[in-house]
Every structure is written in C-alpha cells, then in structure tokens.
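Visitor: Curious how this folds, go ahead:
(one chain, ligands or ions: 2)
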Amino acid sequence: MGFILGIESSCDETGIALMDKKGNLLCNLISSQVELHRPFHGVVPELAARAHLQNLPLLFEKARSIYPQALQDLDAIAVTRGPGLIPALLVGVHFARAYAWAKRLPLIGINHLEAHLFSPFIGKKVPASFLGLVVSGSHASCYEVTPQGIFRLNRTRDDAPGEVFDKVAKMFKLPYPGGPVIDKLAQQGNPSRYTFKRPKMRDGSWDFSFSGLKSAVYRQVEGDTSWWHQDGSLTQKALDLLASFQEAVVVQLMHRLKTFYASHPQRVLSVSGGVAANTALQKAIHQWAEQTKVEVFFPPKDLITDNAGMVAFRGWMLYQEGYQDDPLTLDGDPQLGQL
Ligand code: KG4
Ligand code: ZN
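Guide: Ligands and ions are numbered 1, 2, ... in the order given. Purely as a prediction, here's the structure:
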C-alpha cells in the first residue's frame, strides 16, 4: 500500500500530511505561526520562512516517528508550489525536491488554491463537475470545475476578504487573525445598522473588490473614540459596525456566487479557504443552497485554514492522473495561476 506525503509552507502554517492509496488522511500535522505574526497584524514573509525552516523538519520527524512504515512506502511527494509568499514557498519546495531526489520518488507541485478547492471532498468521491468558491486571507475566486478542466470565473481586484477581516480587526484593536474574532463579536451586533455600497466594476466584470469596504469602515472608525468603553471593550455601536461590515462581505460573496450559478448551473458547490469558516457566510450559503437544491460541501473544521492534508489530497488526485514534476527543476511560483 503506497502513501502520499503532503507538504505546505505557502503562508504562516507549516504542514506535513500522509494520505493512503484510497485518499484517506493518516495524519495532518500543523504548526501555526499565528503568535509569531500577531504583533504585526499580518504575516511577515521573512519571519514565516525562518519559522518554516525550523518547523518543517520537526513535523517531518514527528510524522516519521508515528508512521515509520508509511514513510518507507511513499508513492509520491506533493508540495505547494504557489501562489503564496516566495520565501515561505521555497522552504517547502526545496525540502520536497531534496527528499524526492534522494529517495527517487515522484514529485508533484501543487497549486494551493486548487488544494483548497478540492478540500471539501477529502475522504469522499470528487464530483466530475461543480462550482467552487475559494475565500482566504490572500485570495477570492469562483471556479467552475468540469471534466475539461478548472476554470477561474473571477478574482479579487484588490484585497482578499480574509485580509480585510484582519485589517478591520486591527482598526478596532482586536487581535490577529481578525476573521474568527469578528465572526464571534458580530453575533452580538446588528448587521443592518450601517449600510455599505456593493462594488460595481466599470467594465461590467463580476470580479470581487473589498478595498472600498475597508476604506469605508476606516473612515467611520478614524479619530472617534466612542467605539470603545473606558475599559477598552467595544461599545454596542462598534459591535453593530462589525456585524454590518461582515454582512457586506457576505452580501458581495453571495451576489457573485448567485450570478455565476445563473450562467453555470452546477448541482454541487464547494466552499473553502479560511473565510469559509465564517458563521454568517455558512448560514447564507446553506440557506441559498437549500432553496436552489444545490448540494454544498465545506471542508471539515481542521481542513479549512491552511494545512498539508489538502495538499496531499490534490497530490493524490494528480498522481492517479499520472502527473509528475521534475525534482531538479520544480520551483516556487508566488503568482501561480493568478495572471
Ligand atoms: O486559507 P487561510 O488559512 O490562509 C490563506 O491561504 O490566506 O485563510 C486565513 C484567513 C485569515 O485572513 C483569517 O482572518 C480568515 O481566513 N478567517 C476567517 C475566519 N476564520 C479564518 N474570516 C472570517 N471568519 C472566520 N471565522
Ligand atoms: Zn490558503
């Protein structure tokens, strides 16, 4: 029985995973750098790369100590090659290249966004056709997947939704990452108290855009101390603004999703990436999916934010298709699939 080794180092999570021949995860080890980047309210690429250099061999040794047999019996190595932060990507790519070369194993470079896109189907049958929404700290796109290929339907023109959650959290002096914190606080707020305009592209495209929303929140918050009580906790109007901001993100995501569903009416929808963990977004998508009779799949909780399990899974799919890269030349590509 052969195994696939998955390696992830594109942003601020170091990951090592092992997947068996049937597409089931044996282990999915993650070392998070959230504490390291918290003082900066975002990921510092150089710090991320140094932490990957330190943590990747440790996670690998841990996997080897738990599953020595699986490491002896690898079919292939799958590693994220992009998109992402180049100093961070290079750590995983070069680790994988060296190991693949030394052990004479096939190496498969993985597109991180494709890994997210297929992550809701880990351990399940991957549908032949589906619509996908990938929303994370650095990307936002809708996709159509068919037997002919993976087609990106739109992208974000500026900020990614997770990035905007993180920046709005910073405006309110809330800790990084902002998404989970705002998600929780917004549950105590009134999402209809503040209204934000939905962005419209001059060229008529259905790309996403979140920077206008970010600036609108900034203009409200700037120079006003009435968002905080004396003890630093948030006032009701701050909770209302956070809920209204989150609502505006959800409304835009749902609008684009419905638009693409009208022109590409697939029966299955995959929703993935860190922002897929958002409670309000999940609720809106489930409601819509029920009305339209679309079957919706989210990844399990531990596979939503960055992890190597989804990389191993995409590698497992590509290995079955006979896909292989050259361990001597595979390179990290920070813009992979983006241009
Ligand atoms: O997919 P991911 O782990 O990394 C990238 O590939 O970017 O996504 C991380 C992003 C962060 O910006 C974080 O704030 C956001 O996902 N996030 C959330 C939630 N949980 C994580 N955003 C909104 N609501 C959440 N519950
Ligand atoms: Zn990601």
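
Visitor: tell me what the helix-or-strand element of the chain with minimal mean pLDDT is packed against?
Guide: Least confident helix or strand, the chain: helix 34-37 with a mean of 94, by mean pLDDT, DSSP states H and E. Helix 34-37 sits against helix 45-66, with contacts defined as 3 or more Cβ pairs under 8 Å, 6 or more residues apart in numbering; DSSP states H and E. In this view, the C-beta of every residue, glycine as well, is placed from N, C-alpha and C.

Visitor: Check the offset of the helix it packs on from the chain's centre.
Guide: From the chain centre to the centre of helix 45-66 is a distance of 20 Å (Cα atoms, centre = their mean, to the nearest Å).

Visitor: just to revisit the earlier point, for the least confident helix or strand of the chain, buried residues please.
Guide: Neighbour counts over helix 34-37 (16 or more other Cβ atoms under 10 Å) mark residue 37 as buried.

Visitor: does that helix come close to ligand 1?
Guide: No: judged by Cβ under 6 Å from any ligand atom, helix 34-37 stays clear of ligand 1, getting no closer than 9.6 Å.

Visitor: got the CA coordinates for that helix in CSV?
Guide: Provided in CSV are the C-alpha atoms of helix 34-37 (Å, rounded to 0.1, in the frame of the first residue of the first chain):
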residue,chain,number,x,y,z
VAL,A,34,-0.2,33.0,14.5
GLU,A,35,1.6,34.0,17.7
LEU,A,36,4.7,35.0,15.8
HIS,A,37,2.9,37.3,13.4
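
Visitor: Give the rounded mean pLDDT of stretch 332-339.
Guide: Computed over stretch 332-339, the mean pLDDT rounds to 87.

Visitor: Grab the CA positions of that stretch and hand them over as CSV.
Guide: Provided in CSV are the C-alpha atoms of stretch 332-339 (Å, rounded to 0.1, in the frame of the first residue of the first chain):
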residue,chain,number,x,y,z
GLY,A,332,8.1,28.0,-6.2
ASP,A,333,5.7,30.4,-8.1
PRO,A,334,4.2,33.2,-5.9
GLN,A,335,1.7,34.1,-8.7
LEU,A,336,0.8,30.6,-9.8
GLY,A,337,-2.5,30.6,-11.7
GLN,A,338,-3.1,34.3,-11.0
LEU,A,339,-2.2,36.1,-14.1
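
Visitor: That stretch and ligand 2, are they touching?
Guide: No: applying Cβ under 5 Å from the ion, one finds stretch 332-339 separated from ligand 2 by no less than 12.5 Å.

Visitor: Stretch 297-310 now?
Guide: Yes: residues of stretch 297-310 contacting ligand 2 under Cβ under 5 Å from the ion: residue 306.

Visitor: likewise stretch 117-128?
Guide: No: Stretch 117-128 does not reach ligand 2 (Cβ under 5 Å from the ion); its nearest approach is 9.4 Å.
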